[in-house]
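A.B. asks: Any chance you can model this:
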Amino acid sequence: MRRAIDEAAQAASAGDVPVGAVVLDPHGALLSTGRNEREVTGDPTAHAEVVALRRAAAVLGGWRLTGCTLVVTLEPCTMCAGALVQSRIGRVVYGARDEKAGAAGSLWDVLRDRRLNHRPEVVHGVLEDACAAQLTAFFRDR
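C.D. replies: Residues are numbered from 1 along each chain as shown. A predicted model of the protein is given here:
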């Protein structure tokens, strides 16, 4: 999570909402990193999770991220939760809850919806205070 927090800080420095993510392989080795890049790229899908998933898939040479773990500073939104399900990621670990747009247990629970063909394990609240403080500081300064 600390590496994801570092990625989030870099996003904030570039003017993006400070959300960072990393993808770990099944053995815990770092596969990829990502941070919000919507402002930098003008791409509405450039959320930290999607950026990290794309990079991990490129490293592995395929879209299936079975057994991998995504660690992200903020609870995934519905778009990112859908991408995580589609990637077949094994586990999602997040820090701060997103009561306004969270799709991993707060507002929706896409990741554990029994109607879907894949449901990753979800771990929440990892370094939650640090992740939330980063977001609070960013929006306070805005």
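A.B. asks: from here on, contacts and neighbour counts on C-alpha atoms
C.D. replies: Noted.
A.B. asks: residues making contact with stretch 102-113?
C.D. replies: Residues outside stretch 102-113 that contact it (C-alpha atoms under 8 Å, 6 or more residues apart in numbering): 75-78, 81-82, 84-85, 97-101, 119-122.
A.B. asks: Out of those residues, list just those in strands.
C.D. replies: When DSSP state E defines the strands, the subset of these inside them is E121, V122.
A.B. asks: Buried only: go through the contacts of stretch 102-113 for me.
C.D. replies: With neighbours counted using 16 or more other C-alpha atoms under 10 Å, these contain these buried positions: E75, P76, C77, T78, A81, L84, V85, R97, D98, R119, P120, V122.
A.B. asks: State the pLDDT value of the third one.
C.D. replies: At C77 the predicted local confidence, pLDDT, stands at 98.
A.B. asks: same check, this time on the last one
C.D. replies: Predicted confidence (pLDDT) for V122: 98.
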